[in-house]
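Student: Here's a sequence, model it:
(chains A and B)
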Amino acid sequence: MISTFIELNPLQLTFYFAALLAIVASVKVVTGKNTVHALLYLVVSLLAVAVCFYLMGAPFAAGLEIIVYAGAILVLFVFAIMMFGLGQDETLHAPSVNDRIYGTKVNKFNLWLGPFLLALLLLTELVYAINSGEIQAKLTSNTIDAKQVGILLYGPYLLAVEIASFLLLAGLIGGYHFAKPEGVGLERKKDIGEHG
Amino acid sequence: MIAIPLSHILILASILFVIGFVGVITRKNTLFILMSLEVMLNAVGVAFIGAGSAWQQADGQVMFILILTLAAAEVALGLALLIQMQRRFKSLDIDLLSKLKG
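Tutor: Predicted coordinates for the structure are as follows:
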């Protein structure tokens, strides 16, 4: 088993390591007791998948993964958690919360220790991948760059892009409608009620 | 052609997908369900990118971008619904939503 791992080239080794980190972080997301812990692990999971994309020869997708997923979508989650109150999984069937963790001040850095370690491993791996000449030589031979994606996106897939823009518009309007405070638009509702 | 075999990429994608799926069907907190959905969508993205790089076509990345927009719209709507739920039920337990049935 170990000998087969030694025979792998550095590119494959770094890919499997990033994949392992992604799986571990995803398991921690699903089994997490604390919403903030789970969110930090979700960030690490997305970053690990972004490294996987980079090693698969899709640097543009890796950049989009970091900017849109880990940047924009995760900020939405952070805002939501800030509105709901920190760190409580108040549901009935949640895994039991260990009180000892939240009791003392010393243990508070447990909150970010796990995600921090995983992210540190990921960073060292990425630095190694960028530094290693062998990996770079393998990557440049089969990279699909942003130019090809752009040509395809605004050529054969133009209709899909338009539909995606409609989807985003629907998401925007729906998000505004559902999240607005109760009072807003009440007058109109009354009006409709009287006439109907 | 590609350094990483496609089958291993697909195995990674299916493992991530199953992890997300287990999260969706076992958790009761709606916020965790949304996060697990993100993991699932991400796994689908891994499969598309892997297939795209195996055949050296950019189509996989185009599909990934479309999945990205879908995930953005889905999270915006889901979190807005979650805010409504928190306002009405003062809780994020998804079992409370069974009160909605007429």
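Student: where in chain A is pLDDT low?
Tutor: A:1-7, A:85-111, A:183-196 (pLDDT under 70).
Student: need the helices for it, in chain order.
Tutor: In chain A, helices defined by DSSP state H lie at A:2-7, A:10-31, A:35-55, A:59-64, A:74-84, A:99-103, A:110-131, A:133-141, A:146-153, A:158-179, A:186-195, listed in chain order.
Student: repeat for chain B
Tutor: B:6-26, B:30-54, B:59-89.
Student: and the second one, is it in reach of chain A?
Tutor: When you say that, I think you mean helix B:30-54. Yes. Using C-beta under 8 Å from any C-beta of the partner chain, helix B:30-54 reaches chain A at B:31-32, B:34-36, B:38-39, B:42, B:45-46, B:49-50, B:52-53. (C-beta placed from N, C-alpha, C; glycine too.)
Student: Which secondary structure elements does that helix sit against?
Tutor: helix A:10-31, helix A:35-55, helix A:74-84, helix B:6-26, helix B:59-89 (3 or more C-beta pairs under 8 Å, 6 or more residues apart in numbering or on different chains; DSSP states H and E).
Student: do that again at 10 Å, thanks
Tutor: helix A:10-31, helix A:35-55, helix A:59-64, helix A:74-84, helix B:6-26, helix B:59-89 (3 or more C-beta pairs under 10 Å, 6 or more residues apart in numbering or on different chains; DSSP states H and E).
Student: In contact with residue A:135, which residues?
Tutor: Contacts for residue A:135 (C-beta atoms under 10 Å, 6 or more residues apart in numbering or on different chains) come out as A:9-15, A:55, A:128-129, B:3.
Student: my guess is residue A:128 contacts residue A:14, does it?
Tutor: Yes. Counting by C-beta atoms under 10 Å, residue A:128 does reach residue A:14; the two are 6.7 Å apart.
Student: more crowded one of the two?
Tutor: Set side by side, residue A:128 and residue A:14 give different neighbour counts by other C-beta atoms under 10 Å in any protein chain shown, the larger being at residue A:14 (22 against 14).
Student: so what's the more buried one up against?
Tutor: A:8, A:51-52, A:54-55, A:125-126, A:128-129, A:132, A:135, B:4.
Student: one more time with 6 Å, if that's ok
Tutor: A:55, A:125, A:129 (C-beta atoms under 6 Å, 6 or more residues apart in numbering or on different chains).
Student: Please apply the same query to residue A:82.
Tutor: By C-beta under 6 Å, 6+ apart, the contact list for residue A:82 is empty.
Student: related to what we said a few turns ago, just put the helices of chain B in JSON lines and tack on mean pLDDT.
Tutor: Shown next, in JSON lines, are the helices of chain B (pLDDT from 0 to 100):
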{"stretch": "helix B:6-26", "mean pLDDT": "92"}
{"stretch": "helix B:30-54", "mean pLDDT": "92"}
{"stretch": "helix B:59-89", "mean pLDDT": "90"}
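Student: From residue B:34, how far off is residue A:15?
Tutor: 28 Å (C-beta to C-beta, to the nearest Å).
Student: same question but for residue B:100, I mixed them up
Tutor: Applying C-beta to C-beta, the value for residue B:100 to residue B:34 is 18 Å.
Student: same deal with residue A:137?
Tutor: Using C-beta to C-beta, residue A:137 is found at 41 Å from residue B:34.
Student: Between those two, which is the more surrounded one?
Tutor: Using other C-beta under 10 Å as the criterion, residue A:137 and residue B:34 rank with residue B:34 on top: 22 against 10.
Student: pretty sure that one contacts residue B:80?
Tutor: No. Counting by C-beta atoms under 6 Å, residue B:80 is not a contact partner of residue B:34; they are 11.2 Å apart.
Student: Residue A:143: which of the helices and strands packed on helix B:30-54 is closest?
Tutor: Ranking the helices and strands packed on helix B:30-54 by proximity to residue A:143 (C-beta to C-beta) places helix A:59-64 first, at 6.5 Å.
Student: Please see if the closest one touches chain B.
Tutor: Yes. Shown here: helix A:59-64 in contact with chain B (C-beta under 6 Å from any C-beta of the partner chain) through residue A:61.
Student: Show me which residues of that helix are buried.
Tutor: Residues A:59-62, A:64 are the ones in helix A:59-64 that count as buried (16 or more other C-beta atoms under 10 Å in any protein chain shown).
Student: which other helices and strands contact it?
Tutor: The contact analysis (3 or more C-beta pairs under 6 Å, 6 or more residues apart in numbering or on different chains; DSSP states H and E) places helix A:59-64 against helix A:35-55.
Student: No more questions from me, cheers.
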